[in-house]
Structures are given as structure tokens and as C-alpha cells.
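Asks: here is my input, please return the structure:
(chains A and B)
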Amino acid sequence: MSSISFNERWRRSRFISGEKASDESVALNHRRIFILPTQRGLGFLALNLLLLLVAFIYNNNLTYLLTFLLASVFFVTILHSFNSLSGLVLHKGHSKPVFAEEAAGFDIHINNPAPIERHNLQLTLKKTAALTLAAHSKGLVTLYSTTEKRGWHEAGAVTIASTYPLGLFRAWSPVQLNLKVLVYPKPAGADRPLPESSSIQSGQGFNKNGADDFYGLHEYQAGDPIKHIHWKAFAKGQGLFSKQYGGEKPTEIWLAYDAAAGHIEERLSQLCRWVIDADRAGIDYGLSLPGHKVAPGHGPVHSQKCLEALALF
Amino acid sequence: MRSKFNKSVLIFLLSSIGLIVFPHVYHLPAAVLSFFFLILSWRFIGIWKPDWLPGTWFVLLLTILGVGLLYSQHHSLLGRDPGTSLFVIGLALKLLEIKTERDIYLITYLAFIVAASQFLYEQNILVGVYIVAVCCVLFATLVSINSLRPRTLPALKTAAVIIAQALPIAGVLFILFPRIEAPRLMLLNEDHQTKSGLSDSIEPGSISNLGLSDELVFRVKFKGALPPPAQRYWRGPVMSHTDGRLWTQSVHKDFNRFLDKPKFTGASYQYTLLMEPQDKPWVFALDIPAEYHSPLGLNANYQLISEETPGKRAEYKVTSYTQYNTGYITKTEYHDATQLPGEPSDRIKQLVRQLHGFDSPPEIYIQQLFNHFKKEDFHYTLTPPLMEENPIEAFLFETRYGFCSHYAAAFVYLMRVAEIPARIVTGYQGGELNKIGNFLEIRQAHAHAWTEVWLQDKGWVRIDPTAAIAPERIEQDVNVDQQVASGIVTFVSPNSQKLVAFDWLKQAHQLWNSADYSWQRWVINYNSMSQLQLLSSWGIQNAKAMLYSMIGLIALTTAVLSWFLLHRKPKKTDRALRLYNRFCSKLAHQGFARSESEGARDFAERVKAKLPEKSAQIDQITDVFIKLRYSQNSGPEDLKQLHRLVMLFKIGN
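Replies: Residues are numbered from 1 along each chain as shown, chains lettered A, B, ... in the order given. Modelled structure (predicted):
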């Protein structure tokens, strides 16, 4: 269908879809909205020509009048098509970092400040989502874009389009919202255990009887005290774990670039997996990459820092 | 898109299709229509019972059936009727295959073609309005499938708004789009609408019931004064040959008079004739026409003839006189106008002698004859007894019941017995005045027959023997509606009591007729000639000027439309917002910018923390603003207060 090929054409011609990307919200106006007849619109024109011919052959004034009315409807629809997008304000919302090859979701807020309803707005990134906005209302659409590599992933232009009211014209606007998301490396399979850091020799010093210091998690086994169950993890559906407490502060591990095998991406994948595992195990871990070190620690902020370092390595 | 369409979309679509084909019940073969409505009903049921719809093979079978039907009914694909049937059958078959959105569009487009075909049959206002209304439903279908949640009424409203907005440009195009008449060869509508009208001959004895119909024949709009009712004779074919029963036109009617033309005196009447479609080339001018234009011509009997058979409505401008002297009589005319089928009977001769036909001047004889009709027991009736044998004698001596053609035939016969040239003129007499549009409507019921007698020094003189027996037939109006209703003629004077009761009804009727007249003249009959006239009266002389003014007018209309459509007036409540924004910008100058996500209350709290000395004012403004925006019982007083507060609000010094 022509609409898709138009889409692609616009995507390719960067200089047209490239109203400068910015973090600001984008209001659609005559500079940004494009309108062309759809295939159906061209069909409608052909119909008009046929009717004109009939009117001419039979010299029939009412057929002329009907033809002119339809032609005029076609013409007036251009204004309505413009009106279906004009004045809408788009701005980007949050997007959470994802692991490579996962789909990144981009929230897009659409504000309709005008006193008219906006029907069947179609927002396209890779796939299309449609929504209808009432007068003076706001809407939120999440568009997904599949990621391939780690690093910054830029989604590119979002196309907002509408064929309302008659489907004879398609009004569209490619909008650069500076949509980007940090993509972490794809975590490797869980077949390699956490590296044994030299500082974890004191494994024999585990005090199973549970003094005050939280040590880590292990899978729940029958007989573990109920108050040691890690309810948060259970609530998240991660499974049943028991908290372990050590009498002495557990030593930290280092997740080192050199400890992983393979080429760069494989190593980063492996490190990524370890960061996830270590985070889940609740032990302190540090990340050591050539030229970059993240001091040991734990918690979501720490893991995010590590994953960022991996993504941007 | 999957084949699952919203039910309301399908109901919309199928209903509009049914509506669009419906008026064709008057024109299309019953077989084609049954085929269509059968499939339409089938499809309708299919909305709720999709399994009942025919499969591929059955559709193929139906297609073959449809093609066969088309061939059996029309034997052709060209022309109006076969073409219309083709599209109707195609539409029906397409209905069985609604899988994608594309199918719906195709069906809608086909429906537009069928809608246009309606106009090839009928062109009155009602059909026009009807078709536009159905187009509105068709567009509403398209609106429905282009919105996520189709709703019936808003879709209809949107479609209606679009059509209303499109009308001005359509009007501009209609007036200014260059009209080129299609060459005759391209005219495929070979089958003209045949309308009953005056016939080539009259046979007074054999018709026992004069067909009365209120079918319109023509309309006349006078420039200036109307002729008095007794002068409204609309001249048609002249019958001068008779075999005793049947009266026909003479074969010598197309010769040219090389000597005197008629000498006209008295007032002239300029008028525009709008003839309804005829199957004869006759144009009914008032009395004797003096000026007329191509394609009109006058035959030897002063009857206007159109060179083209007006199979459709045609408009003519004519000037006539009701006082004239046609001058001498040619030998042929004399011969034709004194022709008798045989020797008159003794009874007739006796009557002529008794009325001094043989021994006094024609004027006296005519007067005597009129007196005879009045004195003796003659009656005017629209349902005379049959007179198979020798109708003139039977009428004169036995039945004495008849209408205009009986009197005209008997009168002419008696003139000829006295060797005075006389002939029957047929046409229409009178006409109903439409007071709103100030034009005359002449209907079939106004058909009339009168006579002409050639008198020395006067030429052909119009004499109406019916006037002798029923003068009100001539001087007053025939009440066509009542005639048609009862079959009995009545004559009404304008101030009759009965009429007053129906006054408003009559006025409404006349208003409608007037609108119809304007419609016929300005819409249906608008052609290259009237376009040229209209445009040159506006100073548009050539094709270039026409194109420029068309583009200019469309641009102007579009500009006006865009302004209305795209310009959004700030809402009333926005005044509160504007005032509040002014307040915010005052704060922003001092470094307190309100972020977009920050509510008025939060913002106030934040600013108050920094500007404790302004707390009271900030609270006041915020409260009034919130009241204005969100409370039902806020009024103009609050707006004024907000205005005052914001104006007074100052910071920084």
C-alpha cells in the first residue's frame, strides 16, 4: 500500500524528516504536516472523472452538479485532513533502559488543546498504535522499537498520521522527539558461575545461625526460618529465597573484564549476566573494565551504574 | 484489515445502498431489481448470520445469473437503461464480497455512480435533495471506517458538515465550469421520455371522456404585464382537413408566404416559454408570435415549430401580439379551409339557411350561430355521449352535449357549408398563475380547441364557439385539481369561499411550483447558451476570464472556509487562563517559573515558601482561578475579581 511506501520514503530522506530533534515538545503546524491523497482518494478522483463523462454525454446538469459536489468534497477534505493533526502537541515521556534485542518502549504524550475531537490518530515507530483524543484532552501512547546492539539506541522519527474523515487523504507528520534509550548488553546464558574473587576465601566463616549481618540469598529450603524469607523477591515472582546472614561482613567480588572469555561483546554479555546475578544474590560487587572501574557496592543504583558502564564501553 | 467490520458500519453501508437504488423501482426492469434487493436482504441477514452468506462457487453462479439477467433484459451494455442495470447488478454482487476496507470503498464509489444514474431519469428538486441526503449517508460510512469508534450520529453530522462546506465550491464550479454540448452522436439516451400531449388529429365524436391531467406542459414568464385571461390562447397545430369525423392538419402547412406578413397592432407580449419534454416539435406560443429565435420556425399556420424535437426541457424567448391582421388568403388555404367531405345533409343546409348563412355577411352569420348555441339546449360537458355515426349532425341536432372540440368542429363545419373559410386551432387556453413566481403554468387540462375564420379585411380571426356556451371556460380559470379529482369540470372565481379555506394550501403549492420553476430554469436548463448569457452579464467574456474567475472564486471560498475551519476562537474560560498566565509570567520574571506539570496549588505553595510576604495575595489569586476553572458556580464576578487581583499583584519592589 502506498501509505507504507510513503512512510519508508520519508524515513529514508532524512533531510525532510529531520526537523531538528529536540527534547522539547513538538506542536504540529503547517510546516510539519504533509497531506497527499491515498490510493482511495485517487480512486475517488477517477470516479469523479467518470461521472463528469456521464454528465457530458447525457448533458445532464444534475449529474454535473453531483460531480462538482463530490469534487468539492474531495477538495474540502484537504482542510479536514489538516485539521485532524493541526495543533496537536507531542512530547516524549520516559523510556526505561532495556537489554539488547529486547523491545524498548517509548512513551509519547499527545496533548489535544483544541476544542475538537481527534479521530484515529496513528502513531508509527516500527509498529502502529492508534488512538482517539477527545477535545481538550491528553493521551499517552507507548511505541516499541526493537533494539539490536548495546549503547544508545535512537528510535528516530515517529510518524503521526490520520486519514480522518473520509480516507481520501492521509495527513502525516514525521516528528523527531529525540527518542533514545540506553541498551545494555544482552545477558549471556547463566551457565557460568560468578567468578571467585580472591577476597572470598573466607567462605568457611559462614555463620548459618544467622547473626545480624545480611550476607546473601540462597534458594529456600525446607526448615529455613520464615522471617528470613525474602518476600520482596517472592512478590516479584522471582522465586522463594531465604536471606542469609553472616556473622562477619561478606567480602566483595570483582567482576573483571579479563575473567570473561571471548571477544568484546561476548565478554560484556558475560559481565552483564554476572552483574544481574550478583545483584540478585545481594553481594557487593565491583566492575572492572579496561580503563574504567566501578567500585564495589550493591543496590539498584549500583547495578544501573555497572550496566551503563557496560552499555557504553 | 480483517473482514470483521463493525456491525454499524455494515448497517450504514447496506442501508445507504438500499436507499440509493430505491428510486430506480420506477425505471429498472423488475427482474434486475428483484435480483438486487434479494441479494441486499441476503447480505443484511449476513450481518448477524455470517455463515449464511454464499460461498465462492455460489457467488460465481450468481454472477453468471446476473450477466444472463442483464443480457435478457437489455441485449446491450450501452445506453442509459443497460448501463444503470449493469451498475446495480455489479453493486449487488460486490455486496457479497466485503472483506477489506477497499471493498467498502469500491461499493461506495459504485453507489455514487448509481446515484448519478438516478438523474438520467428524473431531475426534480426532490430527487436532487434525496440523492444528496443518501450521499451524506455514504460519506458517513466512510467517516465511520476512518474513526476508531464509529458512532452513528456524529458520523452523519460530520458528513453533513463536509457536504455543506463543499456546496459553495460546487456552485462555483457549476456556474463557471465550461459547458460544451455533447455532439448528437454521443447521445445515448435514444429513448426519449414520451409524454402525452396534444395529438395530430381530433375526433370529437369518438372520445367520450376527455383525459384530464394536471401534468405540466409548459410554463410562461412574462416580461411586463400578463395578457388578460380571455386572451391567453396558446397556439398549437391547426386542423383544416376533415373526413366528417376526423380532423387533421392539412398537408399544405409548410409553405412560405411571400407577400404580406401579419400586421401587428396593440400591445406586444415578451415572454419566456419553458417547455416540458415533448415528443412533438410543437412550441405553444401566445396567439401569433412575431419574434422568435433559432431553433424555432413558423409554419404556414402561424404555429411555432422547433427544429429539434425537444426530448428534454427547452426554454424559448418569444414575442407575440394578440391583435393582428394576417392579410390575404392564398388559394391553397382557401381550398383547405372550405373543404368538406361531401354534400351536406338537408338538415344542415336548413340550419344554415335559418341562421342566414347564405344571405348575410359572415359576421352576422357567426353572431346568429352563437345565439343559436346559447338559445338552444346546448351543454358543456367533459363526458359527452358517444357519437359514432355522423358526429357533427348528431351533436347539433340530437345530443347537444360536448366540449370544446365538438363546438369547434360543428362551428367550422357550419362555416364551410356557408362557404366561409374556417379551421380548427388546437392548443391550450388559460393557464394557472403562480403568484409567487409570477408565471403561468399550463397543464394538460388546459388543452383547448377553438376556431379561426377568414374574414375580408381582417384576415384570420380567432373565434371560440365554446365561449358562447361556457364563457367562464375562457374567462376564468379551470380548477384543474378539482377536475382531476371529480372528473367534472368546475370553474371558480378567484374570490370563491371554498378557495379561501384552502388558501394556505394553495399558497404552499404555488410556492413549491415557483421553486420548481426556478429549479428547472436555472439548474436543469443551464446550458452553454445560458452560461454564456449569464457570464457576459457579469462581464466575463472569454474562456480565459472564465478560468481566472473560477480559480479566484474557489480560492476565495477556500480562504473563507479555512478561516472558519482552522481558526479557533479562544474559549470564554480561557480568559481566566490568560489572566492566570499573566500572573505566572509576573512570577517568572522573578525566577519562579511554573513547570508544565505543576498544578496551580502546588505552584502557589512553592512560591509562598519563597515569598511569604505575598502569601495572602497568591492564595487569593489561586483560589479564584481554581474556582473559575473547576467550579460550576463561578460567574463573571469572579473573572472581574481575578482581573483586579492579577493587575494589583506586584513583586520585586
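Asks: neighbours of residue B:58, just the number please.
Replies: 11 (other C-beta atoms under 10 Å in any protein chain shown). In this view, the C-beta of every residue, glycine as well, is placed from N, C-alpha and C.
Asks: and what about residue A:238, helix, strand or coil?
Replies: coil (DSSP: H, G, I helix; E, B strand; the rest coil).
Asks: report pLDDT for it.
Replies: For residue A:238, the model assigns a pLDDT of 73.
Asks: element containing the residue nearest to residue B:422 when sequence neighbours are not counted, please.
Replies: Nearest residue to residue B:422, sequence neighbours excluded (C-beta to C-beta, 6 or more residues apart in numbering or on different chains): residue B:415, at 3.6 Å. Element membership of residue B:415 [criterion: DSSP states H and E] is helix B:404-417.
Asks: mind checking the SS state of residue A:35?
Replies: strand.
Asks: contacts only, for it.
Replies: If you count contacts by C-beta atoms under 8 Å, 6 or more residues apart in numbering or on different chains, residue A:35 has them with A:78, A:81, A:82, A:169, A:170, A:171, A:172.
Asks: and the last one, that one's in a helix?
Replies: The one in question is residue A:172. No: applying three-state DSSP, one finds residue A:172 to be strand, outside a helix.
Asks: list the contacts for the residue nearest to it when sequence neighbours are not counted?
Replies: In this structure, residue A:172 finds its nearest non-sequential neighbour in residue A:161, 3.7 Å apart by C-beta to C-beta, 6+ apart. For residue A:161, the contacting residues are A:3, A:85, A:121, A:122, A:123, A:124, A:170, A:171, A:172, A:173, by C-beta under 8 Å, 6+ apart.
Asks: cool, residue B:411 as well?
Replies: B:369, B:422, B:451, B:463, B:465.
Asks: tell me the phi and psi of residue A:107?
Replies: phi -80, psi 130 (degrees, to the nearest 10).
Asks: please name the bridge partners of it.
Replies: residue A:142 (DSSP bridges).
Asks: surely it meets residue A:96?
Replies: No: checked against C-beta atoms under 8 Å, the pair residue A:107 and residue A:96 is beyond contact range at 9.5 Å.
Asks: mind showing which ranges of the chain have poor pLDDT?
Replies: If you meant another chain, say so; for now it's chain A. When residues are selected by pLDDT under 70, those of chain A lie in A:1-23, A:196-216, A:218, A:221-227, A:244-251.
Asks: that's the wrong chain, I meant chain B
Replies: B:1-4, B:182-197, B:205-213, B:258-260, B:309-311, B:472-502, B:568-574, B:652-653.
Asks: how close does the residue nearest to residue B:422 get to residue B:38?
Replies: 64 Å (C-beta to C-beta, to the nearest Å).
Asks: of the two, who's got more company?
Replies: residue B:415 (27 against 12).
Asks: which residues sit in contact with that one?
Replies: If you count contacts by C-beta under 8 Å, 6+ apart, then residue B:415 has B:362, B:365, B:366, B:421, B:422, B:451, B:453 around it.
Asks: these in helices, which ones?
Replies: B:362, B:365, B:366 (DSSP state H).
Asks: the closest residue in space to the last one that isn't next to it in sequence bridge partners, please.
Replies: To tie it back to what came earlier, the one meant is residue B:366. The shortest distance from residue B:366 to any non-neighbouring residue, by C-beta to C-beta, 6+ apart, is to residue B:463 (6.3 Å). Under DSSP bridges, the beta-bridge partners of residue B:463 are residue B:451.
Asks: check the secondary structure at the residue in the stretch 101-250 of chain A that chain B sits nearest to for me.
Replies: Nearest residue of the stretch 101-250 of chain A to chain B, counting by C-beta to the nearest C-beta: residue A:119, 4.0 Å away. Here residue A:119 is recorded as strand under three-state DSSP.
Asks: quick one: contacts for it?
Replies: A:84, A:132, A:162, A:164, A:165, B:146, B:147, B:148.
Asks: does the fourth one touch residue A:77 like I think?
Replies: No: applying C-beta under 8 Å, one finds residue A:164 not in contact with residue A:77, separated by 9.6 Å.
Asks: SS state for whichever residue of the stretch 201-350 of chain B sits closest to chain A?
Replies: Closest contact between the stretch 201-350 of chain B and chain A, by C-beta to the nearest C-beta, is at residue B:312 (8.2 Å). Put simply, residue B:312 is coil when judged by three-state DSSP.
Asks: and it, how far is that from residue A:185?
Replies: From residue B:312 to residue A:185 the distance is 81 Å (C-beta to C-beta).
Asks: same deal with residue B:434?
Replies: Relative to residue A:185, and taking C-beta to C-beta, residue B:434 is found at 90 Å.
Asks: how about residue B:102?
Replies: From residue B:102 to residue A:185 the distance is 45 Å (C-beta to C-beta).
Asks: compare these two (neighbour count), which wins?
Replies: Ranked by neighbour count (other C-beta under 10 Å), residue B:102 and residue A:185 place residue A:185 first, with 26 against 14.
Asks: okay but the more buried one is in contact with residue A:310, surely?
Replies: Yes: applying C-beta under 8 Å as the test, residue A:185 and residue A:310 come out as touching, 5.3 Å apart.
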